[in-house]
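> Take this sequence and fold it.
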Amino acid sequence: MDAAAGAALICGARGYADLCPTHLDDLLPPGALTVDARVRPTLATDRADIFTHDCATGRARLLLDPLGSLAFRGGLPRTWLMTPYFEGFPASAFTIELSICPFRGQRSSTLLSYSSGADSQSSDRTPDLLIEERPASGIVVSIGRESVATGLYFDYCQWQHLAVSWSSESGELTIYRDDRDKTVATVLDPRIDIRMTAPAFRGTLARGHRLPADGSLVIGQRQQRRADIAAFDPMAAYVGYLAGARIWDHVRGLDAINADRDRWLTGTEPGLAAAYAFSHLAASCAEALNLCSDDRNIGQLGGVGADELLHDRRWFRVIAHAGGAGVASAPVIRADRWSAVTMTATRRRLPRADETETRVGVFVDGEELTLRPLPARWWRWETERTCRIGPVAHGQLHDVRVWSTRRSGDEIRRDRDARLRTPQPDLRACYIGELDDRGRVIDRSGHDRHLVMRDGLTLAPLAGAARRISAP
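Okay, the predicted model is just below:
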């Protein structure tokens, strides 16, 4: 049978296919594993489980984690992002970048407040650093006891990138904002250049002042007492969407801001103190991603339910977990494109008799990715024994293969667009979207590990997507 034939599995909202429990224990090999699949998520995909295996003999999971923007809604419960004790907050210079889509909200709209609580606990205390928009003054930046009203206003109901930089030595305050008309058009045509040009505002503020260390950072709410949720100003919340926030410990030039504004940062860039972004996996645990660290300056989320959906889900990162090792990639999968995703894993016994070590690798379209460890607190396993493919909500899956060896990069690249002939040595399961007369997804590996279709899983022609297509 030619495994390049077959059909795509259309997952609907929650459709998946699972394996009969009697076949669970002999599917995963004890020492090595490769899972290979073609996947096509869409803009509507909020969950993308490619392969899940959880039983007494082993655990493995390969999925896509949607990345997008988080809605900050007016009213209760209040939405906020907080780092209660920000280690190493810039004291004498900073550049703060925010990607926002604001709506008209309340009396004022607070983007960011930073408070140390060092000199007062009064209910009307102004934070050490405050960036907000006021109806009569536009965007106002306050540092210490000084404030500057810029006269700039948000462009409501559209995306914009805002960069605020300040230097204590000179007192110079600079605000950059991208072109308002081009920002709307780029949603329809990403080739449109929306680079920032001249500063939207220049002024002087709090020359010689130093911001205190280890304060509480809150995005989306105005603090009236340090890290006190009950004391947030109810009439000063930010209302709109936030896609990300970056805090640097120096004044960044225009060229540097333009070069990085649409780039996913590694977290190791010189001078980057924090870089917050939103993923479905992290948000379900009431956290934002901090690309700089998984255990330092954690971004806690409030007013966000466990089932909160992210918006503007155009990119996905790959998550792989085997044994006790979990890893995550940068966002490399783009919505509405076919991608070939491969997970490899090996487990070896350490000198200590009762300890093992698992190494996990990830390839996309034949290229090995740089990975970072996944915090254990974000990982949730099934409550019952299972092996399944899907659901990729509102997306498609095709040509899912499970091997009993850790395949090399050369082998993965060789077979990436090849017409695989079965049976193959070490191939434990192969699903290409064919059904038997009982309506099961046929296993073409020769091991008869057929899958039962559940919850609206259907088949559809590949429609020209039989080859694995690389995302740009």
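
> From now on I want contacts and neighbour counts done on CA atoms only, so please keep to that.
Fine.

> Remind me which helix or strand the closest residue to residue 195 other than its chain neighbours belongs to.
In space, residue 195 comes closest to residue 258 once its chain neighbours are excluded; the distance is 5.9 Å by CA to CA, 6 or more residues apart in numbering. Element membership for residue 258 (DSSP states H and E) is helix 254-260.

> ok, back up a step: ok, how many other residues are close to the residue nearest to residue 195?
Residues lying near residue 258 (other CA atoms under 10 Å) number 15.

> Assess the claim that it and residue 196 are in contact.
Yes. In this structure, residue 258 is within contact of residue 196 by CA atoms under 8 Å, at 6.5 Å.

> Give me the number of neighbouring residues for residue 45.
Using other CA under 10 Å: residue 45 sits among 26 other residues.

> Which residue, other than its chain neighbours, is closest to it?
The shortest distance from residue 45 to any non-neighbouring residue, by CA to CA, 6+ apart, is to residue 393 (4.9 Å).

> ok, the one you found - contacts?
11-15, 41, 44-48 (CA atoms under 8 Å, 6 or more residues apart in numbering).

> separation between it and residue 48?
Here the criterion is CA to CA, to the nearest Å. By it, residue 393 lies 6 Å from residue 48.

> list the residues that contact both of those two?
residue 41.

> Could you list every helix and strand that the helix or strand where residue 313 lies packs against?
Secondary-structure assignment from DSSP H and E places residue 313 in strand 311-322. The contact analysis (3 or more CA pairs under 8 Å, 6 or more residues apart in numbering; DSSP states H and E) places strand 311-322 against strand 58-72, strand 325-334, strand 356-364.

> Deepest in the core, which of these is it.
Of all these, strand 58-72 has the most neighbours on average by mean count of other CA atoms under 10 Å, namely a mean of 24.

> Now tell me what touches the helix or strand immediately after that one in the chain from outside.
Remark: after strand 58-72, the chain's next helix or strand is strand 80-83, criterion DSSP H and E. Contact with strand 80-83 is made by 72, 216-221, 227, 288, 297-303, as judged by CA under 8 Å, 6+ apart.

> filter those to the buried ones?
Those of the contacts of strand 80-83 that meet the buried threshold are 72, 216-221, 227, 288, 297-302, by 16 or more other CA atoms under 10 Å.

> From those residues, which land in strands?
Of these, the ones assigned to strands by DSSP state E are 72, 216-219, 288, 299-302.

> residues near the residue lying closest to residue 294 once chain neighbours are set aside, how many?
In space, and not counting its chain neighbours, residue 294 is closest to residue 375: 6.7 Å by CA to CA, 6+ apart. Residue 375 has 14 neighbouring residues, counting by other CA under 10 Å.

> and what of residue 171?
Using other CA under 10 Å, residue 171 is surrounded by 17 other residues.

> tell me the contacts of it?
204-208.

> phi, psi of it?
Backbone torsions of residue 171, given as degrees, to the nearest 10, read phi 80, psi 10.

> Now it: closest residue in space that isn't a chain neighbour?
That would be residue 207: by CA to CA, 6+ apart, it lies 3.9 Å from residue 171.
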